[in-house]
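Asks: Below is the sequence, then the predicted model.
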Amino acid sequence: MAAPAAPGTGPAPTPDELRRRYFTFIAPRYAYLTGNTTRDVFAAVLKQHDLGLTNESVIHDSAAGPGTATEALLPWLAEKGITPKRIVLTDYVSGMLESAPQSVKNHPAVETKVADSADLSTVFPEDGYLTHIIDNLSLSTFGTKEQHLKALAENYRTLQPGGVAVFTTWKKFAMSELIGAAQAIVKGADWAAAHPVPMNGPEFVAEGYLASMLAEAGWSPSKTQTSMIKSVVPPGGEDEKGLLEFMQVSPPAKAATAGWPESEVAAWPAAVQQAVDAMKKEHGGIYGEAWVVIARK
């Protein structure tokens, strides 16, 4: 048996391991630290689009995190008098599913399954089983283009002909914008531009990129529709408070100030607040935008 590696001499974590650590870290307080933005984005999708949901629907909330899309979906279904056959939430981080609110976990139609979106064979071995798929602000977090395409191919495989899939990705990610603005306040605009904090899937912000990925994975371009929705976190409430905390304690926030002298790190909280105040003055709240692509098989 080989001797254990000395502290600090082991292999560096892979990007996949770093992502898993990040999502495990954020899982218990995901809704709060993200200001419920993922829930609210999907609530806006439901207001703007007819997804054809019925009592016969079998729905997959893919890479569901703590079920934020389903949290928006359930009251909408109840209001419409719709009771779907089955809603399955999957995520590859068990802590995410464990952190789903009781309103989701206790719903009779809801099941949770730990699974990687790139291989759903253990959850949905049958092709064409699902009537609806939701991928809400998740696809861009999967890592490489190969991983994106595998997940989209699994979505296509598991959806029945005529079925509907909804994909959302950030077009303007408020937390990334605010972290960059706070960096510029402390270090200057040129420094901030040269030291952006990496975000998951930056290529997805470009118009048409998500639709092009679907086409590459085998979805018909003639059956996809792209639109944009706005996300505004109202000022002064718990959602804003959670986002402010995210920009203080999260791994991206820590990365934003890595290597700074203590005097500049000490200036970070005030810089974050200044960036938030500027965004609220311009937009009436913490402002983001998301792409929505609805695809039919």
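Replies: Perfect, I can see it now.
Asks: Could you look up the next helix or strand downstream of the helix or strand where Glu240 lies?
Replies: Element membership of Glu240, judged by DSSP states H and E, is helix 238-249. Scanning forward in sequence from helix 238-249 by DSSP H and E, the next helix or strand is helix 251-256.
Asks: Pull out the buried positions in that next one.
Replies: 252-253, 256 (16 or more other Cβ atoms under 10 Å). Bear in mind the C-beta positions are built from the backbone N, C-alpha and C, glycine included.
Asks: wouldn't Met279 be in contact with Gly288 here?
Replies: No. At 9.7 Å, Met279 does not count as touching Gly288 under the criterion of Cβ atoms under 8 Å.
Asks: rewinding a little: redo the buried residues of helix 251-256 as TSV? Include pLDDT.
Replies: Formatted as TSV, the buried residues of helix 251-256 follow (pLDDT from 0 to 100):
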residue	pLDDT
Pro252	90
Ala253	90
Ala256	95
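Asks: quick one: which of those residues is nearest Ala63?
Replies: Ala63 lies nearest to Pro252 out of the buried residues of helix 251-256, by Cβ to Cβ, at 18.8 Å.
Asks: can you pull the contacts of the closest one?
Replies: Going by Cβ atoms under 8 Å, 6 or more residues apart in numbering, Pro252 touches 175-176, 179, 197, 199.
Asks: repeat for Asn136
Replies: 38, 41-42, 45, 61, 64, 68-69, 166, 168.
Asks: Count the neighbours of Leu89 for me.
Replies: Residues lying near Leu89 (other Cβ atoms under 10 Å) number 27.
Asks: With Gly81 instead?
Replies: Neighbour number of Gly81 under other Cβ under 10 Å is 7.
Asks: likewise Pro202?
Replies: Neighbours around Pro202, by other Cβ under 10 Å: 14.
Asks: Quickly note the distance from it to Ala44.
Replies: To Ala44, Pro202 is 23 Å away according to Cβ to Cβ, to the nearest Å.
Asks: One more: Asn155?
Replies: From Asn155 to Ala44 the distance is 21 Å (Cβ to Cβ).
Asks: quick one: which of the two has more around it?
Replies: Legend: neighbour count by other Cβ under 10 Å for Asn155 and Ala44, higher for Asn155 (27 against 17).
Asks: Over to Glu111. Which of the three states is it?
Replies: strand (DSSP: H, G, I helix; E, B strand; the rest coil).
Asks: Does it touch Arg86 like I think?
Replies: Yes. Taking Cβ under 8 Å as the definition, Glu111 is a contact partner of Arg86 at 7.0 Å.
Asks: ranges for the strands of the stretch 151-297 of the chain?
Replies: In the stretch 151-297 of the chain, the segments counted as strands under DSSP state E, counting those that start in this stretch are 159-172, 224-233, 286-296.
Asks: Give the full set of residues in contact with Gly95.
Replies: Counted by Cβ under 8 Å, 6+ apart, Gly95 has contacts 23-24, 27-28.
Asks: The residue nearest to Pro198 when sequence neighbours are not counted and Val272: what is the separation?
Replies: Nearest residue to Pro198 in three dimensions, chain neighbours excluded: Ala255, at 7.7 Å (Cβ to Cβ, 6 or more residues apart in numbering). To Val272, Ala255 is 14 Å away according to Cβ to Cβ.
Asks: I am finished for the moment; much appreciated.
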